[in-house]
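J.: My questions concern the predicted model and sequence given below.
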Amino acid sequence: MKRIITIIATIFLLQITLAQTGLVNTNASTYAKLSSTGLADVQWTKGFWAERFKVCRDSMVPHLWATYTSKTICYSFQNFRIAAGLDTGRFRGPSFHDGDFYKTLEAVAALYAATKDKHLDSMMDAAIAVIAKAQRKDGYVYTKSIIEQKKNGKAELFDDKLSFEAYNFGHLMTAACVHYRATEKTTLLNVAKKATEFLIEFYNKATPEQARNAICPSHYMGIVEMYRTTGEPKYLELAKKLIDIRGTSEGSDDNSDRLPFRKMTEVNGHAVRANYLFAGVADVYAETGDTNLLHTLNLMWNDVTNRKLYITGGCGALYDGLSQEAISYKPDSIQKIQQAYGKAFQLPNITAHNETCANIGNVLWNYRMLQLTADAKYADMIELELYNAVLSGISMDGTKFFYTNPLAATKNYPYELRWSGGRLKYISKSNCCPPNVIRTIAEVNNYMYSIANDGLYINLYGGSKLSTKLKNGAVIQLEQTTNYPWDGAINITVKEAPSSETSLYLRIPWWCTSATLKVNGQPITNAIVYGAYSQVKRSWKTGDKIALNLKMPAVLLESNCLVEETKNQVAVKRGPVVYCLESADLQASQKVFNVAIPANIRFATKQQTIGNSQVIALEGEGKLLQNSFSNTLYKPLNTTTKPVTIKLIPYYAWANRGQTEMTVWLPLMRQ
C-alpha cells in the first residue's frame, strides 16, 4: 500500500513538473485566462531586446554576481557563509540583503534557462549549498537573525514591524521556483519548501501583531508560486490567511494595511510594498476566484493608472509625505509615508521618487492581471514600464544603476535629495534595485507571449523565435522579425503550425491610432481593434506570413489639468518610448529648462550611439527662452525667444554621458 501511495505521489509530482516551465505558472489556475510560455521557449534573435539580453548575459549578470559574492563591496552572500558557519564575522548590510541575493540567483537561473551555460549552473549549485547549510533545521533562514542570535542567545522572530524576514522568504520562494523550472533540480526548492513549512507553523501561533510584521510582501507571490510548484494545498491556505489578517491589528497607510485589503479604496503608501501586495493578491485570486479581491484590485489599478502614474510608468511620487493630508479633519489619522504614492495628480518632476523596484512591481502586478483577464491594457502597461521606467534604472553598459527615476534633474535644485548625483555601481544605502532590474531584463522573453485555450496571445514585439506547446498539446513555432520599438513594422513567420484551427491574438497598443494587418499579403481589415488584441483565427500552415505595421509618429502629450507641475507643458512620445531633453545635447550656455516646443513641431528620426548602443533620437526646431530659468522666486514675464535645434533621446538612456540635467516635460508654445 505504501508503495502504491509513493507511486501515485511520484506521478502527481511528475505531472506538476511537466506542466510548469514558465515564469508564473497559471497552467492549472482556474480563474486565469492565460498561462505562460516556458522559460526557454522564446529566444532572442536580433533587435532591441536581443541587444539588451546580450548586455545582460555579458555584463549585467557577471557584474551583479561579482558584487553580491564580494566580501568588500556587498556582504550579501558573505552573510550566508557566516550564518552557515563557513566563516566568522558579524551581519553586515541592510536586513533585506538575503532577498537581494535571491533575486541575483533568479537572474542567473533565468539566464541559464535561455543559454544552458554550464558555468552558470555550477555557480548556482555552489551558492545554493551554502544557503541550505545556513538554514536552520526548522526551516527558518534569515541571516541577520541567525548570525545575531548565535551571539546573543535570543530567539525573537518577526518581532520588528520593519523586519524584512517575510520579504526575504518570498524572494527565496520565487527564485526557487524559477531555478527548479530552469534546471529541474530541487536543491533550492527544498530550501524554499522548508521555509514555507516554517511560515505555516509560525503563523499558526503568531499574535496578530507578529503576523502583520511583513513589509514589502513578496512572500504572497512566492507562497502561491510554491503552491503551484508543489501542489501543496496548505501553501495556498497560508497565502489566503496572510491577506485576511491584513488590517486586523493596527497598521499603517505606508504599509497599505491600515484597513483590511478588501476595504481599500485607494493607494496611499510605499509604492514597492503596494505593488508587490497587489501582485500577490492577483495570484491568490487566480487560484480562488474571490471576487472581492478582484474588485479591490480593479479599484487600485484605476487609482494608480488614472490618477497617480507618471507618463514613463514611474510609481511613487514622494520621497516623504503624509497620507490623508488636507483631507481628514482628524489630525491623528494623518500618517507619515515614504517612497510612496501621493495624492491623486500629485506628480512632481525633479523630486519624483519612482523607485526602480516599484516600477518593476507594477510589471509583476500587470502581468498577473493580464493572465487573469487577457485584457490588452495590462500588456500596454507592461510595455510602458519596460521601455521607460524599468530600463532607466540601469545604464546602457549594465554596470551602473538608479534607485530613483525622476522626470527632471538640475544642478540648481536648492535641496540635496537622498538619491541624486548620477548612476552608481553600488548603491550602498539600498542596493535592492540592481538585482531586481537585472532579473527583469533576463526574464523579458517570458512576457512576450501567453497561451489561451483557443490559441496564442502576442503581448510584446521583438526579434525572436518561439517554440511552445498550446493547451491542446499542439506545437507552434513562430519567428518575429522587427526593429521595434524604433520601427512599427513587425513580420511574423509560422515555422510550425498546429493541425487544427487556431487563434493568434496580436496586441494593437493603446498609443497606436493607425495600423495595417496582412496575412500572406492579404489585408485583414475587420480584425484590427485599437488598444486591444486583434484576433486572427484560421488553419495556419508552415510558411504563413503575418505583417503588422503600427504607425508610430512622434506625438506631443499633455497631462491632466489637475497635475499642477506640468501645466502648459508637453512630453514627447514615439511608439512605446518616452523622450527627454538632456543637457549633453545642448550647448554649454543653454539650459534644458529654457527650451520650449512649438505646437507644430516636426521631428526627424536620427540614429545615435549612447553607451555603445544604438538608439533613435528625435530632432526638431524648438524655441530657446531667454533667461526663463533663474533663482528668483518671481520675475517679469519675458517672451523673448530664438530658434534652436533640439535633440531628444529616449528617457531610459539619459545619464549615460556623465552627470547631466534633464527634463521630460517641456513648455509648449502654441503660436
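T.: Nice, I can see it.
J.: show me the contacts for Asn268.
T.: Going by Cβ atoms under 8 Å, 6 or more residues apart in numbering, Asn268 touches Asp253, Asp254, Ser256, Arg258, Ser323, Gln324, Ile337, Ala340, Tyr341. To be clear about C-beta, it is placed using only N, CA and C from the backbone, and glycine gets the same treatment.
J.: From these, which one has the minimum pLDDT?
T.: Checked by pLDDT, the contacts of Asn268 have Gln324 as the lowest-scoring entry (75).
J.: who touches that one in this structure?
T.: Asp253, Asn268, Ser333, Ile334, Gln335.
J.: From the contacts of Asn268, pick the one nearest Phe77.
T.: For the contacts of Asn268, the closest approach to Phe77 (Cβ to Cβ) belongs to Asp254, at 30.1 Å.
J.: Isn't the closest one up against His270?
T.: Yes: if you go by Cβ atoms under 8 Å, Asp254 and His270 touch, sitting 5.2 Å apart.
J.: joint contacts of these two?
T.: What both Asp254 and His270 touch, as defined by Cβ under 8 Å, 6+ apart, is the set Ile337, Gln338, Ala340.
J.: quick revisit: which one of the contacts of Gln324 is nearest Asn359?
T.: Set against Asn359, the nearest of the contacts of Gln324 by Cβ to Cβ is Asn268 (18.3 Å).
J.: That closest one should be in a helix, yeah?
T.: No: using DSSP: H, G, I helix; E, B strand; the rest coil, the secondary structure at Asn268 is coil, not a helix.
J.: now it: how far from Asp254?
T.: Per Cβ to Cβ, to the nearest Å, Asn268 is found 8 Å from Asp254.
J.: Could you do Leu86 as well?
T.: Applying Cβ to Cβ, the value for Leu86 to Asp254 is 37 Å.
J.: contacting residues around the one residue sitting closest to the centre of the chain?
T.: The chain has Ile360 as the residue nearest its centroid, 2.0 Å off, counting by Cα atoms, centre = their mean. The contact partners of Ile360, by Cβ under 8 Å, 6+ apart, come to Glu385, Val390, Asn436, Val437, Thr440.
J.: Over to Thr609?
T.: Taking Cβ under 8 Å, 6+ apart, we find Thr609 in contact with Val615.
J.: likewise Tyr167?
T.: Here Tyr167 is in contact with Phe96, Gly99, Ala214, Ile215, Cys216, Pro217, Ser218, His219 (Cβ under 8 Å, 6+ apart).
J.: cool, and Leu384?
T.: By Cβ under 8 Å, 6+ apart, Leu384 lies in contact with Thr312, Gly313, Pro576.
J.: Return the set of buried residues in the helix or strand it falls within.
T.: Per DSSP states H and E: Leu384 is located in helix 376-384. Neighbour counts using 16 or more other Cβ atoms under 10 Å place Ala376, Tyr378, Ala379, Asp380, Met381, Ile382, Glu383, Leu384 of helix 376-384 among the buried residues.
J.: Hmm, the third one is touching Asn459, no?
T.: If I follow you right, that is Ala379. Yes: the pair Ala379 / Asn459 is scored as a contact, 4.4 Å apart, by Cβ under 8 Å.
J.: shared neighbours of those two, which are they?
T.: Both Ala379 and Asn459 are in contact with Leu370, Arg507, where contact means Cβ under 8 Å, 6+ apart.
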